[in-house]
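K.L.:
I would like the atomic coordinates for the input below:
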Amino acid sequence: MRESTHHGPEPRLGLTFSQNGDGTVSWHQPVADQFVDPSGRFATGALAVLVDSGLGAENHRRRPEGMWTVTTELRLDLLARPREGSTGLGVRTDHLGDDGHCLTTRGYVLDDDGEVVAAGLVKSMEIAGVVDPDGYDDEPPWPSALAPGTLAEVLCLTIDHHDDGPGGTRAVEAVIAPEPALANPLGNLHGGVFAAVAEVAGAAVFPHEREVSSSSLDVRYVRQIPLVGPVTVRAEALHDGRSWGIAQAVTRDARGRVCAVASVTVYGRR
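P.N.:
Have a look, this model is predicted:
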């Protein structure tokens with residue numbers, strides 16, 4: 001059997017997949033240090049690549065012949081942390097349809113005992129003439145190459161805190177090093193990696209003395225995110241209340257154009 005040549009963020013985060021006899025695909029992600037963010041909390045963003053890849057793959061395999069797909073929207077809602085002692089997570093998908101422009105799949109992240117940990121939704125736009133889609137479809141399963149360390153270390157991420165948000169509020173800048181293993185098949189930053197970093201940066205805007213847990217992540221991908229140099233994701237608070245907060249995280253290209261934007265909602269009393 002031909003060995004996989006894929007070296008993207010999926011194996012780096014420990015994600016693997018297998019083909020089932022009925023034509024469906026099973027995904028698996030180990031529960032390890034890559035779920036810990038710089039503050040020591042469970043990072044919802046660590047689920048983003050699993051959701052983007054698992055649900056996006058369902059859209060991709062249902063695309064019209066000769067077309068490619070790119071993620072345009074990703075939604076992730078945390079329902080519960082993986083139970084203590086859990087060894088891995090999987091995905092259950094439900095493809096909703098194709099309107100001729102976008103394919104939509106919703107799904108659930110499951111603990112190894114079948115309990116639902118998170119819900120997700122991915123919309124993928126159909127485009128032509130980007131890459132050879134058949135070559136990608138023939139990619140065999142890759143082995144896990146889980147990188148050691150916390151989520152920031154696995155995603156080659158540094159975080160700086162500022163007080164130059166609107167009206168002097170807190171802001172966070174997360175910088176992703178241009179590591180080739182964080183790229184998608186087109187050589188740009190993987191959409192799931194942006195989503196993961198946006199969640200980490202957005203949650204970091206708020207004081208962690210209130211035991212912040214990220215409840216939801218809502219991402220819009222406007223254009224490709226070049227990975228020719230460091231990628232900066234800036235997060236600012238839109239609402240910082242007593243019991244919950246909302247942050248917006250944005251990354252821009254060298255011309256100042258928005259490439260992707262995310263809304264991060266956190267809960268936790270001060």
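K.L.:
For stretch 7-24, which outside residues touch it?
P.N.:
25-30, 32, 34, 46, 49-50, 53-54, 57, 141-147, 154-155, 180-185, 190, 192-193 (Cβ atoms under 8 Å, 6 or more residues apart in numbering). (Each C-beta comes from the backbone N, C-alpha and C, glycine too.)
K.L.:
how about 7 Å then?
P.N.:
Residues from elsewhere that reach stretch 7-24 (Cβ atoms under 7 Å, 6 or more residues apart in numbering): 25-30, 32, 34, 49-50, 53, 141-147, 154, 181-184, 190, 192-193.
K.L.:
how about low-confidence regions in the chain?
P.N.:
For the chain, the stretches with pLDDT under 70 are 1-2, 129-138, 208-213.
K.L.:
For D33, give me its contacts.
P.N.:
With contact set as Cβ under 7 Å, 6+ apart, D33 has these partners: 149-150.
K.L.:
let's see it at 8 Å
P.N.:
148-151.
K.L.:
Now, the contacts of stretch 7-24 that are in strands?
P.N.:
Among those, DSSP state E puts 25-30 in strands.
K.L.:
What is the nearest of these to L78?
P.N.:
Here the nearest of the ones in strands among the contacts of stretch 7-24 to L78, counting by Cβ to Cβ, is Q29; it sits at 14.6 Å.
K.L.:
That closest one is in contact with L50, isn't it?
P.N.:
Yes. Assessed by Cβ atoms under 8 Å, Q29 is found in contact with L50 at 4.9 Å.
K.L.:
what's the overlap in contacts for the two?
P.N.:
Each of 13, 15, 89 lies in contact with both Q29 and L50 under the rule Cβ under 8 Å, 6+ apart.
K.L.:
related to what we said a few turns ago, going through the ones in strands among the contacts of stretch 7-24, which ones are buried?
P.N.:
The neighbour-count criterion (16 or more other Cβ atoms under 10 Å) marks 25, 27-30 among the ones in strands among the contacts of stretch 7-24 as buried.
K.L.:
which of those lies closest to V231?
P.N.:
Relative to V231, the closest of these is Q29; by Cβ to Cβ it sits at 22.8 Å.
K.L.:
separation between the closest one and L155?
P.N.:
Noted for Q29: a distance of 14 Å to L155, by Cβ to Cβ, to the nearest Å.
K.L.:
if we look at the sheet, which residues does V175 bridge to?
P.N.:
As for beta bridges, V175 partners with T158, T232 under DSSP bridges.
K.L.:
and it, how many neighbours does it have?
P.N.:
16 (other Cβ atoms under 10 Å).
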